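K.L.:
Need coordinates for the following:
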Amino acid sequence: MDSKLTLKVDKEIIQRAKKYARERNTSLSQMVEDYFDIIVKPAETDIELTPLVKKLSGVVKLPKSYDSRKEYSKYLVKKYK
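P.N.:
Now for the predicted structure:
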């Protein structure tokens with residue numbers, strides 16, 4: 001079920017986002033919905049890891065304070081600027 005949402009966004013950003021959406025044959029609404037879906041979707045825990053992925057797990061050490069969802073959100077914001 002679709003529902004209406006009102007957002008306040010800088011006019012220039014809206015124009016750039018509309019252009020970006022047009023170039024990709026999508027709507028601004030669809031872009032926002034896709035973004036929201038990405039940032040709120042729970043991590044899929046039932047995915048079986050391949051032997052290669054299992055072998056590579058733990059190779060990179062990240063600080064305990066590292067928040068992958070936050071970093072991905074920042075990446076998306078930068079990407080769609």
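
K.L.:
CA atoms for contacts and neighbours, from now on please.
P.N.:
Noted.

K.L.:
what about stretch 53-61, distance to the chain center?
P.N.:
From the chain centre to the centre of stretch 53-61 is a distance of 23 Å (CA atoms, centre = their mean, to the nearest Å).

K.L.:
Give me the mean pLDDT for that stretch.
P.N.:
The average pLDDT within stretch 53-61 is 82.

K.L.:
Need the distance between the two termini of that stretch.
P.N.:
15 Å (CA to CA, to the nearest Å).

K.L.:
just stretch 50-63 next, same as before
P.N.:
Using CA to CA, the end-to-end distance of stretch 50-63 comes out at 25 Å.

K.L.:
For that stretch, what is the distance to the chain centroid?
P.N.:
Remark: stretch 50-63 is offset 22 Å from the chain centroid, using CA atoms, centre = their mean.

K.L.:
cool, and stretch 38-58?
P.N.:
Centroid separation for stretch 38-58 versus its chain: 17 Å, with CA atoms, centre = their mean.

K.L.:
end-to-end on it?
P.N.:
Terminal-residue distance, stretch 38-58 (CA to CA): 24 Å.

K.L.:
residues making contact with that stretch?
P.N.:
Contact partners of stretch 38-58, identified using CA atoms under 8 Å, 6 or more residues apart in numbering, comprise Arg69, Ser73.

K.L.:
so which helix or strand takes in Phe36?
P.N.:
helix 28-40 (DSSP states H and E).

K.L.:
What are the buried residues along that helix?
P.N.:
Neighbour-count burial for helix 28-40 flags Leu28, Met31 (criterion: 16 or more other CA atoms under 10 Å).
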